[in-house]
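Participant: Let me see the structure of the following:
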Amino acid sequence: MPSFRHQFLRLLHCWLALPFALLLILQGLTGTVITWKHEIDAFLNPGLLRVTAPENGNAVARERLTLSILVEQAKQHHPTGKLTMLELPEKENEALVAWFKEASDPNKKPGTKQMMINPYTGTMIGERVPDEISFSRSQFVPSLMSWHRNFLGSDHGKLLVSINGIVLAIIALSGIYLWWPVWRLKAWWQAITISHQGSWKRFNFRLHRATGFYSAPILLMLAITGIYFNQPDWITPIVKQVVAVTADSKEAKTSTENNLTDSEIKNLNPDQIIDLAQKEFPMARVTRISFPEKTDGRFEVRLHQPGELREGSGATRVTVDALHGKIIKIRDPLKASKEALFFSYFFPLHSGEIFGTIGKIIISFVGLLPLLFAISGTLIWLRRR
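Facilitator: Just a heads-up that it's a prediction; the model follows:
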């Protein structure tokens, strides 16, 4: 006869899975899609995200406009908005993406707009509002990302996503306990394999059990990292109890080596800001520049160094005081403290990119499993009633 603990965890496993099934399924399916968000977005919107360098006679002008010119062009295209960030193209056929913040209603939180600009000509290709929920071609990927991250963008949505993550973690851990077989070779073999043996009910049960065993560690990782992205204060204290936290001045430091002379202390333009950051990391690729939210003249330059865990924009950051022409903070993920290094694994693990294409394929597959578990688990539950 099953123990009280076993019966309790089985009920907990079922009664958490049933009411949260729809949310878990939607989280999984959207996660499967946005694992390939850049590829899908570019496929759906080539006219919005792709450019062709202008021809100059028989040659092709491959030189992009300076960042200062592109900033001015972006502001001219959207004079009422506040420029907050530029995403620099990685490939020669990619558009530059300018992010603007605008408050259409003083009683509402400022909205966000993306503007795509040809980096060779400065002309605007198109624009979209990432927070606008729609399944049109241009809004499909942003809408899925908004749902997956915070259930369409509200603070309540962030809380619900985090609770959903806790539920997923409990389901995964209780599932491992319920899966654990007795210490006999035959029992272990049955627990880790899927067979039919003439009964669809047996096949369904063993499919649910074995697939749950293989995927539980990944689901648990996705749950914990997902909670952290929305509610870091829930996870950070736990990590600090596990990871030895030591002060590491290499992660954030003040640099004066590249300070300008007195005659050059001015309000630096974006190109000078980029050059200042690039001198600290000459082998890194500049991926984006964030503009000051206040009037303190502090810009943040994001770079991607060779050897970083994170793909795309990278995790290297240089904060520049443009008013005085100096670097005031550097975040180097390759020289991070143990705690910062631990957290730096979260996004690459969650997205699967830490293991390249294979990792992304695995995460995409695991995103389909909540649907499988909901169907097979419901059939098991109905059979036992």
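Participant: Pass me the low-pLDDT residue ranges in the stretch 151-300 of the chain, would you?
Facilitator: For the stretch 151-300 of the chain, residues meeting the criterion pLDDT under 70 lie at 153, 243-266.
Participant: swap the cut-off to 90 and go again
Facilitator: 151-157, 181-202, 237-268, 293-297 (pLDDT under 90).
Participant: all strands of it, in order?
Facilitator: Counting by DSSP state E, counting those that start in this stretch, the stretch 151-300 of the chain has strands at residues 285-290, 298-304.
Participant: want to throw those strands into JSON lines with mean neighbour count and distance to Met145?
Facilitator: Quick note: C-beta positions are derived from backbone N, CA and C, even for glycine. What follows is the strands of the stretch 151-300 of the chain, written out as JSON lines (neighbours: other CB atoms under 10 Å; distance: least, CB to CB, whole Å):
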{"stretch": "strand 285-290", "mean neighbour count": "19", "distance to Met145": "17"}
{"stretch": "strand 298-304", "mean neighbour count": "21", "distance to Met145": "19"}
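Participant: And those strands: which comes nearest Arg50?
Facilitator: When the strands of the stretch 151-300 of the chain are compared by CB to CB, strand 285-290 sits nearest Arg50, at 17.9 Å.
Participant: Would you mind getting the angle between the closest one and strand 298-304?
Facilitator: With axes from the mean of the first three to the mean of the last three CA atoms, to 10 degrees as the basis, strand 285-290 and strand 298-304 are set at 150 degrees to each other.
Participant: The residue most central in space within the chain: what's it in contact with?
Facilitator: Most central in the chain under CA atoms, centre = their mean is Phe347, positioned 5.9 Å from the mean C-alpha point. Going by CB atoms under 8 Å, 6 or more residues apart in numbering, Phe347 touches Thr225, Phe229, Arg310.
Participant: For PyMOL, write the select line for the buried members of these.
Facilitator: Typed into PyMOL, the line below selects the buried ones among the contacts of Phe347, using 16 or more other CB atoms under 10 Å:
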select buried, resi 225+229+310
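Participant: Including distance to Arg137, could the contacts of Phe347 go into a markdown table?
Facilitator: Listed next are the contacts of Phe347 as a markdown table, based on distance: CB to CB, whole Å:
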| residue | distance to Arg137 |
| --- | --- |
| Thr225 | 30 |
| Phe229 | 27 |
| Arg310 | 28 |
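Participant: now, which of the contacts of Phe347 lie within helices?
Facilitator: Here DSSP state H is the test, and the contacts of Phe347 give Thr225, Phe229 as lying in helices.
Participant: Tell me the pLDDT of the nearest residue to Val239 once chain neighbours are set aside.
Facilitator: Using CB to CB, 6 or more residues apart in numbering and skipping the chain neighbours, the partner closest in space to Val239 is Phe342 (6.2 Å). For Phe342, the model assigns a pLDDT of 89.
Participant: count of residues packed around the closest residue to Leu152 other than its chain neighbours?
Facilitator: In space, Leu152 comes closest to Ser146 once its chain neighbours are excluded; the distance is 5.4 Å by CB to CB, 6+ apart. Using other CB atoms under 10 Å, Ser146 is surrounded by 20 other residues.
Participant: was I right about Thr211 contacting Leu372?
Facilitator: Yes - assessed by CB atoms under 8 Å, Thr211 is found in contact with Leu372 at 6.7 Å.
Participant: With adjacent residues omitted, what lies nearest to Thr123?
Facilitator: Ile117 is the one closest to Thr123 (CB to CB, 6+ apart), at 7.0 Å.
Participant: how close does the one you found sit to Phe229?
Facilitator: As judged by CB to CB, to the nearest Å, Ile117 and Phe229 stand 29 Å apart.
Participant: burial count for Pro46?
Facilitator: 12.
Participant: Then the one 4 residues further on?
Facilitator: Arg50 sits with 16 neighbouring residues when counted by other CB under 10 Å.
Participant: With adjacent residues omitted, what lies nearest to it?
Facilitator: That would be Asn93: by CB to CB, 6+ apart, it lies 5.4 Å from Arg50.
Participant: where exactly do the helices run in the chain?
Facilitator: According to DSSP H, the helices that the chain contains are 4-34, 37-44, 46-49, 67-77, 140-150, 155-179, 185-192, 200-230, 232-242, 270-280, 338-344, 346-351, 356-384.
Participant: quick one: contacts of the fifth one?
Facilitator: The reference is to helix 140-150. Helix 140-150 is contacted by residues 26-27, 30-31, 33-34, 37, 40-41, 44, 128, 130-135, 152-153, 157-158, 161, 229-230 when judged by CB under 8 Å, 6+ apart.
Participant: Would you show me how to pick out the buried ones of those in ChimeraX?
Facilitator: Only the buried entries of those go into this ChimeraX selection, using 16+ other CB under 10 Å:
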select :26,27,30,31,33,34,37,41,44,128,130,132,153,157,158,161,229,230
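Participant: Would you confirm that Ile25 contacts Ala374?
Facilitator: Yes - under the criterion of CB under 8 Å, Ile25 makes contact with Ala374 at 5.8 Å.
Participant: Leaving aside the residues adjacent along the chain, what's closest to Leu67?
Facilitator: Pro270 (4.2 Å).
Participant: give the contact list for the one you found.
Facilitator: Applying CB under 8 Å, 6+ apart, the residues near Pro270 are Leu67, Ser68, Val71, Leu86, Ile289, Phe299.
Participant: Please name the bridge partners of Leu86.
Facilitator: For Leu86, the beta-bridge partners are Ala98, Ile289 (DSSP bridges).
Participant: Now for Leu29, how many residues are close by?
Facilitator: Using other CB under 10 Å, Leu29 is surrounded by 17 other residues.
Participant: circling back: I'd guessed the residue nearest to Val239 sits against Thr236; true?
Facilitator: No - using CB under 8 Å, Phe342 makes no contact with Thr236, being 10.2 Å away.
Participant: Dump the strands of the stretch 151-300 of the chain into CSV; add distance to Thr357 as well.
Facilitator: Putting the strands of the stretch 151-300 of the chain into CSV (distance: least, CB to CB, whole Å) gives the following:
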stretch, distance to Thr357
strand 285-290, 20
strand 298-304, 18
